[in-house]
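have a look at this prediction, sequence included:
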Amino acid sequence: AGRAQSMDPTGVMAAAYGIVMQIYSMGIVVHLAIQGTAAALVPSAKAMSGTSKARNVADRIFIWGSIIGILLGVTQLLLLPVLVPLFSTLPEVQEAVKAPALISSLLHVINGPVFAGEGTMLGLGSFKALATITTISVSIMVALLKSPMAQTLNGVLLSIAAFSLFQSLAVVVYHVRIGPLRRRGKFEFFGKGKVLQQE
């Protein structure tokens, strides 16, 4: 927010940033519900039915989280012409919101696996790994915010996108190859169908 406020003396960029974040936050509520679901269901499945069942539950949450992320992104994109005028009637602010709002719609798509993965890791007690992933993600975002790229509002949103993208890739890799539900030598979808050999 401070970076947006320093971009222009008129306050247009700061207003645009505030509007984008308010619209984006509406979808975050849904992502948090996915995170809470994963944190509750995955450890419960592991305790009751073992690692294989827990893995299948986590896989499904990852898939549903990704689908919901896509739906949130598309819905926000389609509703922008309706939502933006509700926050500001100034043409210059509405214009300044357009590109950042597109990037924030993409953020919902990226965040689909992020919240599913974070919830799974929280439920399984993988706090150190999650803290490490988050620390690296934040470091990437801060580095980009301190670069010339962050001189524009689009650059600020892209810095946040870089944070989310690393977080998304990291939690997926952790789930599939590193964490307690990792595949050990074989890759199998939901315990059925064709089994693919992995290295």
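Sure, I can see it.

which SS class is the residue positioned nearest the centre of the chain?
Residue closest to the average C-alpha location in the chain (CA atoms, centre = their mean): N111, at 1.8 Å. Following DSSP: H, G, I helix; E, B strand; the rest coil, we place N111 in the helix state.

that one contacts S168, doesn't it?
Yes: between N111 and S168 there is a contact at 7.2 Å, judged by CB atoms under 8 Å. In this view, the C-beta of every residue, glycine as well, is placed from N, C-alpha and C.

separation between the residue nearest to the centre of the chain and I133?
As judged by CB to CB, to the nearest Å, N111 and I133 stand 14 Å apart.

got it, and V172?
11 Å.

then A14?
Separation of A14 from I133 (CB to CB): 31 Å.

in stretch 126-141, which residues are buried?
126, 129-130, 133-134, 137, 140-141 (16 or more other CB atoms under 10 Å).

and the helices in the chain?
Per DSSP state H, the chain carries helices over the ranges 2-5, 12-49, 51-87, 91-123, 127-145, 153-173.

most tightly packed of the ones you listed?
Across those, the average number of neighbours (mean count of other CB atoms under 10 Å) peaks for helix 91-123, which reaches a mean of 22.

in terms of secondary structure, what does that helix contact?
Contact partners of helix 91-123 among helices and strands, from 3 or more CB pairs under 8 Å, 6 or more residues apart in numbering; DSSP states H and E: helix 12-49, helix 51-87, helix 127-145, helix 153-173.

just send these back as CSV, with distance to L181 too.
Shown next, in CSV, are the helices and strands packed on helix 91-123 (distance: least, CB to CB, whole Å):
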stretch, distance to L181
helix 12-49, 8
helix 51-87, 4
helix 127-145, 12
helix 153-173, 12
